[in-house]
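# Quick one, structure for this:
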Amino acid sequence: MNLTWRVNRLRAMGVREVTQRGVRTLRDHLESVGFGRAVPPPADAARGKPWVERLPRGMASAPYVAAAERILAGNFRLFAHYDFALGFPPTWNRDPREGVVAPLRFGKGIDYRDSRIVGDIKYLWELNRHLELVTLAQAWYLSGELRFALGCRALLQSWLEQCPYPQGINWTSSLEVALRLTNWSCAWHLLGGEDSPLFADPQGRGFHAAWLASVYRHCHFIAGNLSEHSSANNHLLGELLGLLLGSCTWPCWPQTRRWFSYARDRFAEQALLQNAADGVNREQAFWYQHEVADMMLLAGLTARSNGRDFEPAYWQRLEASLACLASCMDEGGDVPAFGDADDAVVVRFSPEPQAEVYRSLLASGSVLFSRGDLRHKAGRFDDKSRWLLGDAAAERFERVAPEEGEAHLPRAFPVGGYYVLGSDFGGEHEVRVVADAGPLGYLSLAAHGHADALSFTLSAGGQPILIDPGTYCYHSDAAWRAYFRGTSAHNTLRVDGLDQSVAGGNFLWLRHAHTRCLLFEHGADAQRLIAEHDGYLRLKDPVWHRRTIAYDGGRAQLSVKDTLECRGSHRAELFWHFDEDCTVTLESEVAQVRHARGMLTLQWPAGLQAQLVRGRVDPPLGWRSHRFGEKIPCSSLCIAGDVSGSWHGTTLMRLSWND
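Residues are numbered from 1 along each chain as shown. Sure, this is the predicted structure:
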């Protein structure tokens, strides 16, 4: 499998990338025998400022103390799971999920894709990002209990001993090194920086020197191993964030000024490249849009605090990104699960087990940009926003007048390809449709995109009805990875049992379906989207798929007309995936979908046969993943039949309310 992936990966590269990767391979070989490794010079006394002028005090300490107690008891929270009993400190090179211990040899020579060697690398790396370090530091900062600060020192000392540079799986990925350094930077400031009690005794002074030496090695590693070319997606932004924060927090080496200037300038450049002007992140994945916005917040606030603020265009792009999230969020706070999602956060500023990450971003944005519509969608000023912006920001949040409704939020995102239809936005009888007529993903890999062209979600009164099933896994199971990002897992049409785009690996698409919007109307009387994609032109008998979505607010009716243009005969399958709280029954040629706010009646095209599936394993159908690593059954409706020539089929959906 790894050989196949490597061949497909080479096919996706250009000549320049292949050449530069060859140069990097040679350099890595030299490094493995000792050439070019980081040699930390003596550190001077210069230190940078935190991201906010005055760290906040306005939150209750109890949740942070409780979370820190769990960590000291050896329980680590990874993704959606809360009770990985790993001991304190843990074994850093052991995969928490499978128990496989990765070898302690030259890091960049370890194949992290081989689960026989490293286990489930996603879980191992999540542990080594050191999010728990920030929680322990917050508990000390708020409570003053020294044992939490000493817990930070114990964790770091054990990591430095178990993961010596450049040995082991934790010296393989530049992104992982950078995210660890990001959490180190935040914890450093929360612990009191250079004046931390951790450094007061002889043991602390020795720890201080060892920590700074590793900081230098982290910066050196990132600077020499940046993701470029076809891999220059959110990984590159995360790497630059780590280098920016590391060199800004510890500007105590001759190389620091060069590292900081380079990281700041390239981060600003990539933030504009990776986020379209309409606010859609080019990964075409809302979870990664949230992560990139988090990176932009932390980088921007840190640069501003240290006198190197970004240009207005940077902040305008962040504001557009948050407005996009607000527009696509329904009244219940749900954002469509388009594209990949792994539940990872850059820094875990809040210990809340079910933190509302999208609303938190909108709360921060409402203060930064004085946006009443963002405040309305956020609902409250959360702890994470307070950590980022300070206590005074909570008062500013209250002074921002919340706008009733969403008159200033855009409904069309023509570059990103998202379109919002519906009625009574923000009201009790809100109907919200979010349609995806955008690209597959970013760059040639489109690593986090799903084969979901012309899919859409539907909610009523904040209750999800038609949903995007999510992601579930990355590395652990190829069959489930293929299903959750495949066409049959989305509310769209599949031809001849094939995905719209051709996959070449877990994070690689060899052939992309290209989608274009032909018409979008969003008037008081007419709401209509017409779009098409060319994913099935690769067939021996090429097929065009065009979809028209029309919404009639007066009748609460949605009409979905699918058109296939071809010459021969093909198997067409329409998929509709429902929230797990919906009850779906079939009656003649109609599906009745009961939900908390009312009922949806779905009538499918004549001549096609319907099958209701829930939790089928082989082949997979009827599943949903709210959180990484977890899946639950949901009702999926597959409507299929043989079609030929120019075919048109219309699905009618009518909404009714309980009240």
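# how close does the residue of the chain positioned farthest from its centre sit to Ala209?
Taking Cα atoms, centre = their mean as the measure, the residue most remote from the mean C-alpha position of the chain is Pro202, 42.2 Å away. Distance of Pro202 to Ala209, given as Cβ to Cβ, to the nearest Å: 11 Å. In short, each C-beta sits where N, CA and C put it, glycine included.
# phi, psi of the closest residue to Trp544 other than its chain neighbours?
Counting by Cβ to Cβ, 6 or more residues apart in numbering, Glu565 is the residue found nearest to Trp544 once chain neighbours are left out, at 4.1 Å. Note on Glu565: backbone dihedrals following degrees, to the nearest 10 are phi -110, psi 120.
# mind listing what Glu565 touches?
The neighbours of Glu565, taking Cβ atoms under 8 Å, 6 or more residues apart in numbering as the test, are 543-544, 546, 646.
# Next one, pLDDT for it please.
At Glu565, the pLDDT value in this model is 97.
# Could you spell out which stretches of this protein belong to which domain?
Structural domains assigned to the chain are 61-225, 227-408, 412-657, following automatic domain parsing.
# Just checking the distance from the first one to the centre of its chain.
Average the C-alpha atoms of domain 61-225, do the same for its chain, and the two points are 21 Å apart (Cα atoms, centre = their mean, to the nearest Å).
# so how far does that domain reach from one end to the other?
Using Cα to Cα, to the nearest Å, one end of domain 61-225 lies 39 Å from the other.
# and Gln527, what are its bridge partners?
His522, Tyr551 (DSSP bridges).
# That one and Thr492: what is the separation?
19 Å.
# okay, these two: which has more neighbours?
Thr492 (25 against 22; other Cβ atoms under 10 Å).
# wait, what's in contact with the residue nearest to Val415 when sequence neighbours are not counted?
Once flanking residues are discounted, Val415 sits nearest to Ala276: 3.9 Å by Cβ to Cβ, 6+ apart. By Cβ under 8 Å, 6+ apart, the contact list for Ala276 reads 282, 413, 415-416.
# which residues touch the closest residue in space to Glu403 that isn't next to it in sequence?
Sequence neighbours aside, Gly372 is the residue nearest to Glu403 in space, at 3.9 Å (criterion: Cβ to Cβ, 6+ apart). Residues near Gly372 by Cβ under 8 Å, 6+ apart: 366, 400-403.
# so where's the chain uncertain?
Applying pLDDT under 70 to the chain picks out residues 1-19, 21, 80, 82, 404-405.
# what about 90?
1-30, 32-33, 79-83, 229-232, 352-355, 401-408, 475-477, 523-526, 588-589, 659 (pLDDT under 90).
# Name the next helix or strand following the lengthiest helix in it along the chain.
In the chain, taking DSSP state H as the definition, the longest helix is helix 202-224. Using DSSP states H and E, the helix or strand that follows helix 202-224 towards the C-terminus is helix 234-249.
# Is the closest residue to Ala45 other than its chain neighbours in a helix, a strand, or coil?
Nearest non-adjacent residue to Ala45, counting by Cβ to Cβ, 6+ apart: Cys252, 6.9 Å away. Using DSSP: H, G, I helix; E, B strand; the rest coil, the structure places Cys252 in coil.
# Surely Cys252 touches Gly48?
No. In this structure, Cys252 is not within contact of Gly48 by Cβ atoms under 8 Å, at 9.4 Å.
# Which one's more surrounded, the two?
Using other Cβ under 10 Å, the more surrounded residue of Cys252 and Gly48 is Gly48, with 23 against 18.
# Phi and psi next, for the more buried one.
phi -90, psi 170.
# Nearest residue to it in space, please, no chain neighbours.
Cys248 is the one closest to Gly48 (Cβ to Cβ, 6+ apart), at 4.4 Å.
# which residues does that neighbour contact?
With Cβ under 8 Å, 6+ apart, Cys248 has these contacts: 48, 185, 260, 302-303, 306.
# from the residues you listed, which is closest to Arg27?
Phe260 (23.5 Å; Cβ to Cβ).
# did I read that right, the closest one in a helix?
Yes. Assessed by three-state DSSP, Phe260 belongs to a helix.
# what number of residues lie near it?
23.
# ok, the closest residue to it other than its chain neighbours - how many residues close by?
Nearest residue to Phe260, sequence neighbours excluded (Cβ to Cβ, 6+ apart): Ser247, at 4.0 Å. Neighbours of Ser247 under the rule other Cβ under 10 Å: 29.
# try Glu311
Glu311 has 10 nearby residues by other Cβ under 10 Å.
# chain center to stretch 486-501, what's the gap?
23 Å.
# for it, how far is the first residue from the last?
So stretch 486-501: terminal residues 8 Å apart, Cα to Cα.
# Flag every buried residue along it.
486-495, 498-501 (16 or more other Cβ atoms under 10 Å).
# Let's see which of the residues you listed end up in strands.
In strands, judged by DSSP state E, the following of the buried residues of stretch 486-501 are found: 493-495.
# From these, pick the one nearest Arg614.
Closest to Arg614, out of all of those and judged by Cβ to Cβ, is Arg494, at 18.9 Å.
# Is that closest one bridged to anything, and to what?
Under the criterion used (DSSP bridges), Arg494 bridges to Glu573.
# Do I have it right that it meets Phe575?
Yes. The criterion here is Cβ under 8 Å, and Arg494 meets it with Phe575 at 6.9 Å.
# Give me the common contacts of those two.
Both Arg494 and Phe575 are contacted by 487-488, under the criterion Cβ under 8 Å, 6+ apart.
# Look up how far Arg547 lies from the closest residue to Val215 other than its chain neighbours.
Nearest residue to Val215 in three dimensions, chain neighbours excluded: Trp250, at 5.2 Å (Cβ to Cβ, 6+ apart). Remark: distance between Trp250 and Arg547 (Cβ to Cβ) = 53 Å.
# before we move on, what about Gln603?
Taking Cβ to Cβ, one finds Gln603 at 17 Å from Arg547.
# Looking at those two, which is more packed in?
Ranked by neighbour count (other Cβ under 10 Å), Gln603 and Arg547 place Arg547 first, with 22 against 14.
# Please compute how far the strand or helix carrying that one lies from its chain's middle.
Element membership for Arg547, per DSSP H and E: strand 544-552. Chain-centre distance of strand 544-552: 28 Å, with Cα atoms, centre = their mean.
# what are the C-alpha coordinates of it, in PDB please?
Taking Å, rounded to 0.1, in the frame of the first residue of the first chain, the C-alpha atoms of strand 544-552 are listed here in PDB:
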ATOM      1  CA  TRP A 544     -22.400  15.700 -17.200                       C
ATOM      2  CA  HIS A 545     -24.200  16.200 -13.900                       C
ATOM      3  CA  ARG A 546     -26.200  19.400 -13.400                       C
ATOM      4  CA  ARG A 547     -28.300  20.200 -10.300                       C
ATOM      5  CA  THR A 548     -30.900  23.000  -9.800                       C
ATOM      6  CA  ILE A 549     -31.800  23.700  -6.200                       C
ATOM      7  CA  ALA A 550     -34.900  26.000  -5.900                       C
ATOM      8  CA  TYR A 551     -36.400  27.100  -2.600                       C
ATOM      9  CA  ASP A 552     -39.900  28.600  -2.200                       C
END
